[in-house]
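Engineer: Next one to model:
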Amino acid sequence: MNAANAATGQPAPSVADCPSCGRYIGPAFVCPYCGAEARGRLPLRVLRWAALLLAVAGLTLFYGLAWRSEIPVTAVSSLKPSMQFARIRVRGQVATQPRVFQRDGAPDFVIFDVEDGTGRITVAASHSTAQALVARDLVPGKGLRVEATGSLNAKPGRRLRIYLDAASALKIEGGAAKAPSDKRAADEPEDPDREQS
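Structural biologist: Numbering: from 1, shown residues only. Presented below is the predicted three-dimensional model:
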C-alpha cells in the first residue's frame, strides 16, 4: 500500500488495473472504461516472440552440443534390449567372417560379429551403406579390430545388433580391410536376420 491508499484503507491497485480509474482491464494496453494508457507493460506479442526465439536458440545450442559430443565406447555386456534404437559405439575384434549379400548383382547387406572381451554383438549394414562399405573396401576381415557406431536393434530370439547408418561409422584399426570370402546372393534361402551361431 502507498500512503494515499493507506489513508483511505484501500489496497494498492494491481498491474491488471487501470492506473487512472482503478478498474480491472486485464492485459489490455488501453482502458476500455476511461481510455487511459496502461504504461509499463510488455506487450503480449513481444513475450510470445521472445519465448519462441529463446526456445529456438536453446534447441540450436542443444543440437550443436550433441552433434559435437563423441559417443562413448560401450561394453557389449552392458547393452540391454531396453536400449532399442540408442546410438552406441563398440570397439572389438571381428569374430566371424563378414558376409556380403547381393541383390541384382549389387551389395545389399553386410553382416559380421564383433567380440569386445565382454560379449559379442552383430554389426550390420544395409542398402547404400553396404554398397559404400564394399565400394570403399571397408568390409573388415575376421580378426581385425574395428570400431562401429550405429543404432542398437533388439529383436526377440536374436543377438543384439548395431545397424551402421554410414560407411564412415565403421573404422578399422591397425590395418586395411580384407575382402570377405563368403558372398551370397539375396535369393538364396539363408536369411541375414536369423541368429548366427
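Engineer: going forward, measure contacts between C-alpha atoms and count neighbours the same way
Structural biologist: Fine.
Engineer: ranges for the strands of the protein?
Structural biologist: Taking DSSP state E, the strands of the chain run over residues 87-94, 99-103, 106-115, 120-126, 145-153, 161-163, 170-173, 182-185.
Engineer: contacting residues around the shortest one?
Structural biologist: The contact list for strand 161-163 (C-alpha atoms under 8 Å, 6 or more residues apart in numbering) reads 88, 121-126, 148-154.
Engineer: Tell me how many other residues crowd S126.
Structural biologist: S126: 20 surrounding residues under other C-alpha atoms under 10 Å.
Engineer: shift numbering so it begins at 5
Structural biologist: Okay, using 5 as the starting number, the last item reads as S130.
Engineer: and it, what does it touch?
Structural biologist: S130 is in contact with 112-114, 167-168, counting by C-alpha under 8 Å, 6+ apart.
Engineer: Beta-bridge partners for it, please?
Structural biologist: F113 (DSSP bridges).
Engineer: rewinding a little: for A139, which of the strands of the chain is the nearest?
Structural biologist: Taking C-alpha to C-alpha, strand 110-119 is the member of those nearest to A139, at 9.1 Å.
Engineer: between the contacts of S130, which is nearest L148?
Structural biologist: Nearest to L148 out of these is V114 (C-alpha to C-alpha; 15.8 Å).
Engineer: quick one: that closest one from L174, how far?
Structural biologist: Per C-alpha to C-alpha, to the nearest Å, V114 is found 12 Å from L174.
Engineer: Tell me which other helices or strands the lengthiest helix in the chain touches.
Structural biologist: Ranked by residue count under DSSP state H, the longest helix found in the chain is helix 48-72. The criterion is 3 or more C-alpha pairs under 8 Å, 6 or more residues apart in numbering; DSSP states H and E, and there are no helices or strands that helix 48-72 contacts.
Engineer: Sweet, I'm off.
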